[in-house]
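A.B. asks: Just need the structure, nothing else, for what follows:
(2 chains)
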There are 2 protein chains.
Amino acid sequence: MPNVSGRNKKKRVVKIVKIVVDLKGADRPQTELIDGAFRAVRDNEGLFLYLCGDKDVLEEYIEKNGYRKDRIEIADCPQVIINGEDPAEAYKAKPDSSIVRGMSLCKSDPDIGGFVSCGATGAIFVCAMMILGRVVPVSPILLAELKRTDDTPFCIVDCGANVDCRAEKIVDFARMGIAYMKASGVDEPKVGLLSNGAEDKKGSGVVRKANELLRASGINFIGNIEAGDVLEGRADVLACDGFSGNILLKALEGSAKAVISELRRTSGDIPQEAFDRLYKKYDYNSQGGAVLLGTKLPIIKGHGAANAETVYNIINTAYRLAEHGLIEKIKGEFAAAQPLRT
Amino acid sequence: MPNVSGRNKKKRVVKIVKIVVDLKGADRPQTELIDGAFRAVRDNEGLFLYLCGDKDVLEEYIEKNGYRKDRIEIADCPQVIINGEDPAEAYKAKPDSSIVRGMSLCKSDPDIGGFVSCGATGAIFVCAMMILGRVVPVSPILLAELKRTDDTPFCIVDCGANVDCRAEKIVDFARMGIAYMKASGVDEPKVGLLSNGAEDKKGSGVVRKANELLRASGINFIGNIEAGDVLEGRADVLACDGFSGNILLKALEGSAKAVISELRRTSGDIPQEAFDRLYKKYDYNSQGGAVLLGTKLPIIKGHGAANAETVYNIINTAYRLAEHGLIEKIKGEFAAAQPLRT
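C.D. replies: Numbers count the residues shown, from 1 in each chain, chains lettered A, B, ... in the order given. The predicted model follows:
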């Protein structure tokens, strides 16, 4: 058990949430990323971290920097799975990798509320499925949380895990998005369906069918949303297949960055801070990572070029989602779901 | 025949290209849009326009404004097809509408090189198919031309006409895009395939198959392109199904506008001109409209909220495409095409 006695002297009971942090497999070294982990622990008194990395290397770094090891435990993971490795092969061949050992830790301790990593997405996905398994009988998805122009959050589900989908799956994705937004503090999330026109009859065959299913599902469905309207729109959850969601997410981000770069190049008068703030807002990865949803614990994936701040952000996301009972909320959404009909 | 004797006194022979302009069915009145038509004729000495609208109304406006009717002829079209009407019904019921009469004009005069309109897209599509027919045995598409960050043009094919596609169709779309870019002055257009990852194996089933077909097609294919890379990318032609293309196009535009608006709101110091230039760059509709490609003449569609400048721009696009032999180039691409195989 973590030593929290120092913090608990005020007699206030703080519920401890444990998060497993994979520090390997990213572009930058584990000794840089670990700074984000220590910052997260310092800022959240209910947070306990398992850090997966090379024990010797991390211990030496911690000692050199004079970090306190309150609410921190290191899990020695001498192996690493890198991008480009076959995920299923790597899962079998590397039991001592940070991903496999980290996921196994998740399974062994019921107090663990989530897993964060900036490593190989495919391996994370496969290991999560093999070791943790599904929380509900639904394909896991990648969820991205973005900010609208008015700075309120919304999510895109799915944004890449399921590129070929039947309409029924899109309704499942919507339910996972609803649970996520509820865990993020939105009481009755509104669901929109990504399409090429606002009218119900617009869309591919799958999308038109998904529209019918959503209309009959009991979900708070506000209809089709065009890609040009999502940043101004009213939907808290934007449901789509993983291929379209990926196109949407990357186009929104790429276009915003192109405009910001062009203005920076051509309009020297604009203050650097204004640019930086906007750039960050539209760099969805720096906001809190993509969320792998549908396995028995939520998994937050930072991008490969992550730095200590990214790690800090994704740990905070995982902590917040665990604290707000995301997994129970997913179970609740699916338990309450009416059978689909049109 | 138009009166071009005044212009030809210098003995230089100017080839006349005729364009049919539908002035009805848009949000703004025909007497406003017509200003763009007169400006286009003034700027292009080889351009002759058939203006489809209410003859009395237009004649009165022309006389009041002292416009010369050189290289202009009015086709009286007392009827109008509006958005929301069933296109097939409207086609049958309204022979004197600007769309039906305009398309019929296109069919009757071999010197006509294109049709432009800011009216009802569905009706334009249906009437073009019914009256003009296909130029090659391939589904017509909507093509959008955009600018990359370095201001060079590229096109998205299809961006909305074919929401459910087999892989073979995407290859056809690529060929039409190639012909379009050649007519726009790009000698050997590079084709990219929109996908959720740069690797060949990434994508939905249809996209993976399209990748294989493109690799074996003899087309100058540079591989898959992610949505976040299209504005910085090397592809002159971005091939995709109409659903994904629509998501991409609208997301790029919507995100750019959101960023520009936010900067305008929060950074008062930025000169208005810098904003206006950027806004225009990312408002693809103001650049030259969407192009309906695949019928016997190219059709340029401006948005419903078009003003005189939009009409000026879309006439210029139609004129340029006709002058550069777009239709012959489409025939050439398909005549030279190798049979598809994988």
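
A.B. asks: Wondering if the longest helix seen in chain A reaches chain B at all.
C.D. replies: Assignment by DSSP state H gives helix A:242-266 as the longest helix of chain A. Yes - contact between helix A:242-266 and chain B, assessed by Cβ under 8 Å from any Cβ of the partner chain, occurs at A:242-244, A:246-263, A:266. Glycine gets a C-beta too; all of them are placed from N, C-alpha and C.

A.B. asks: what do you get for stretch A:178-195?
C.D. replies: Yes - using Cβ under 8 Å from any Cβ, stretch A:178-195 reaches chain B at residue A:194.

A.B. asks: Now that stretch: buried residues?
C.D. replies: Buried residues in stretch A:178-195, counted by 16 or more other Cβ atoms under 10 Å in any protein chain shown: A:178-184, A:186, A:189-195.

A.B. asks: Just flag the most distant two among these.
C.D. replies: Farthest-apart pair in these is A:183 and A:195; separation 26.5 Å (Cβ to Cβ).

A.B. asks: Just give the nearest non-adjacent residue to residue A:235, would you?
C.D. replies: Distance criterion Cβ to Cβ, 6 or more residues apart in numbering or on different chains; nearest residue to residue A:235, sequence neighbours excluded, is residue A:192 at 3.0 Å.

A.B. asks: Phi, psi for that neighbour please.
C.D. replies: Phi and psi for residue A:192, reported as degrees, to the nearest 10, are phi -110, psi 160.

A.B. asks: The residue in the stretch 1-150 of chain A that chain B sits nearest to: how many residues sit nearby?
C.D. replies: Residue of the stretch 1-150 of chain A nearest chain B, by Cβ to the nearest Cβ: residue A:149 (4.9 Å). Using other Cβ atoms under 10 Å in any protein chain shown, residue A:149 has 17 other residues around it.

A.B. asks: again with residue A:31
C.D. replies: Neighbour count of residue A:31, defined by other Cβ under 10 Å: 18.

A.B. asks: now residue A:125
C.D. replies: 19.

A.B. asks: out of the residues of helix A:242-266 next to chain B, which are buried?
C.D. replies: When the residues of helix A:242-266 next to chain B are checked for burial by 16+ other Cβ under 10 Å, the buried set is A:242-244, A:246-260, A:262-263.

A.B. asks: what about the helices in the stretch 151-300 of chain A?
C.D. replies: A:167-183, A:205-215, A:242-266, A:272-282, A:284-288 (DSSP state H, counting those that start in this stretch).

A.B. asks: worst average pLDDT in those helices?
C.D. replies: Mean pLDDT per stretch puts helix A:284-288 lowest among these, at a mean of 65.

A.B. asks: picking that back up, let's verify the residue of the stretch 1-150 of chain A closest to chain B: helix, strand, or coil?
C.D. replies: Following DSSP: H, G, I helix; E, B strand; the rest coil, the label given to residue A:149 is coil.

A.B. asks: Report the contact partners of it.
C.D. replies: Going by Cβ atoms under 8 Å, 6 or more residues apart in numbering or on different chains, residue A:149 touches A:231-232, B:258, B:261-262.

A.B. asks: Likewise for residue A:194?
C.D. replies: Per Cβ under 8 Å, 6+ apart, neighbours of residue A:194: A:156, A:207, A:224-225, A:227, A:230, A:238-240, A:244-245, A:248, B:247.

A.B. asks: Let me know the closest of those to residue A:289.
C.D. replies: Nearest to residue A:289 out of those is residue A:156 (Cβ to Cβ; 13.5 Å).

A.B. asks: measure that closest one to residue A:164 for me?
C.D. replies: Distance from residue A:156 to residue A:164, counting by Cβ to Cβ, to the nearest Å: 17 Å.

A.B. asks: Just the C-alphas of stretch A:19-36, formatted as CSV.
C.D. replies: C-alpha atoms of stretch A:19-36 as CSV (Å, rounded to 0.1, in the frame of the first residue of the first chain):
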residue,chain,number,x,y,z
ILE,A,19,-2.8,4.2,-12.6
VAL,A,20,-0.2,2.2,-14.5
VAL,A,21,2.2,4.3,-16.5
ASP,A,22,4.2,2.8,-19.4
LEU,A,23,7.3,5.0,-19.8
LYS,A,24,8.9,3.0,-22.6
GLY,A,25,8.4,2.8,-26.4
ALA,A,26,8.0,6.5,-27.0
ASP,A,27,10.5,8.7,-29.0
ARG,A,28,11.8,10.4,-25.8
PRO,A,29,13.6,8.6,-23.0
GLN,A,30,11.8,7.3,-19.9
THR,A,31,13.9,9.6,-17.7
GLU,A,32,12.3,12.6,-19.4
LEU,A,33,8.8,11.3,-19.4
ILE,A,34,9.0,10.4,-15.7
ASP,A,35,9.0,14.1,-14.8
GLY,A,36,5.4,14.2,-15.9
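
A.B. asks: residues of that stretch that come out buried?
C.D. replies: Neighbour-count burial for stretch A:19-36 [16+ other Cβ under 10 Å]: A:19-26, A:28, A:30-36.

A.B. asks: Which of those residues fall in strands?
C.D. replies: Residues of those located in strands (DSSP state E): A:19-22.

A.B. asks: Reformat these as JSON lines; add pLDDT.
C.D. replies: Listed next are these as JSON lines, based on pLDDT from 0 to 100:
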{"residue": "A:19", "pLDDT": "98"}
{"residue": "A:20", "pLDDT": "98"}
{"residue": "A:21", "pLDDT": "98"}
{"residue": "A:22", "pLDDT": "98"}
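
A.B. asks: mind giving me CSV with these and columns for distance to residue A:203?
C.D. replies: Converted to CSV, those look like this (distance: Cβ to Cβ, whole Å):
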residue, distance to residue A:203
A:19, 39
A:20, 40
A:21, 40
A:22, 38
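
A.B. asks: which of those residues lies closest to residue A:298?
C.D. replies: Using Cβ to Cβ, these come closest to residue A:298 at residue A:19, 9.9 Å.

A.B. asks: Show me which helix or strand of chain A is least confident by mean pLDDT.
C.D. replies: Ranking every helix and strand in chain A by mean pLDDT, DSSP states H and E puts helix A:284-288 at the bottom, with a mean of 65.

A.B. asks: distance of the most centrally placed residue in chain A from residue A:179?
C.D. replies: Taking Cα atoms, centre = their mean, the centroid of chain A lies closest to residue A:291, which sits 1.9 Å from it. Separation of residue A:291 from residue A:179 (Cβ to Cβ): 11 Å.

A.B. asks: Could you do residue A:335 as well?
C.D. replies: Taking Cβ to Cβ as the measure, residue A:335 falls 11 Å from residue A:179.

A.B. asks: cool, residue A:136 as well?
C.D. replies: Here the criterion is Cβ to Cβ. By it, residue A:136 lies 10 Å from residue A:179.

A.B. asks: joint contacts of the two?
C.D. replies: With Cβ under 8 Å, 6+ apart as the test, residue A:136 and residue A:179 both reach residue A:330.

A.B. asks: Out of the contacts of residue A:149, which comes closest to residue A:89?
C.D. replies: Using Cβ to Cβ, the contacts of residue A:149 come closest to residue A:89 at residue A:231, 40.4 Å.

A.B. asks: mind listing what that closest one touches?
C.D. replies: Residue A:231 touches A:146, A:148-149, A:252, B:254-255, B:258, counting by Cβ under 8 Å, 6+ apart.

A.B. asks: What of residue A:113?
C.D. replies: Neighbour list for residue A:113: A:17-19, A:297-298, A:318-319, A:321-323 [criterion: Cβ under 8 Å, 6+ apart].
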